[in-house]
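[1] Predicted coordinates and the sequence they were generated for:
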Amino acid sequence: MSDAFRRVIVSKLIEILTENNVYNLDNVNKMIKLEDTIFKENNNVYKYKDTIRHYYNNLNPNGYVQNKNFLNVFLQQNVSVRDVLRMSPQQIFPERWTDVVKKLSVIQKESMFYTVKSDVESMLKCGKCKQKKVEYTELQTRSADEPMTKFCYCSNCGFRWKM
């Protein structure tokens, strides 16, 4: 990777500081350190460009990502460049990820259980009262190549078992 290309990247990062009225020597040095650390940690040109693009788009509050808070987080005195590079996407842009994480957890909870409730007789028979008024919930408790575990409940006598 040429030094000229890296200088262009640094100038783009410093341009973010100018556009957001936070241009000072400490902030410029932090941007230079960010680019240098990314360069040293990514020996692959494509990985370097991808990582730079990721941080540039998140640091630029007016960019297409619209992350309004990350530049301020990055420029805080107690946050190091290494800390920033170790942040997860949820930490970099929590506003965007909050809804996604909530929706994902709901989907996971819904897909984790499959409950069969029925007023009619089921195919399962209670081992205690011998009635066929059994409700069951299926849950994947073992590896994916094993069958799901059925957690059974007899609505007649209240007996519970798994199979």
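    That came through, no problem.
[2] quick one: Leu17 is in a strand?
    No - when DSSP: H, G, I helix; E, B strand; the rest coil is applied, Leu17 is found to be helix, with no strand at that position.
[3] from memory it sits against Asn29, does it?
    No - Leu17 lies out of contact with Asn29 (C-beta atoms under 8 Å); the separation is 10.8 Å. The way it works is simple: take the backbone N, C-alpha and C, and place the C-beta from them, glycine included.
[4] Neighbour count: those two, which is higher?
    A direct count of neighbours by other C-beta atoms under 10 Å for Leu17 and Asn29 places Leu17 higher, at 18 against 11.
[5] residues touching the more buried one, list them.
    The contact partners of Leu17, by C-beta atoms under 8 Å, 6 or more residues apart in numbering, come to Tyr23, Asn24, Asn27, Val28, Met31.
[6] how about 7 Å then?
    With contacts defined as C-beta atoms under 7 Å, 6 or more residues apart in numbering, Leu17 is in contact with Tyr23, Asn27, Val28, Met31.
[7] With Lys125 instead?
    Each residue near Lys125 by C-beta under 7 Å, 6+ apart is listed here: Lys132.
[8] secondary structure class for it?
    coil.
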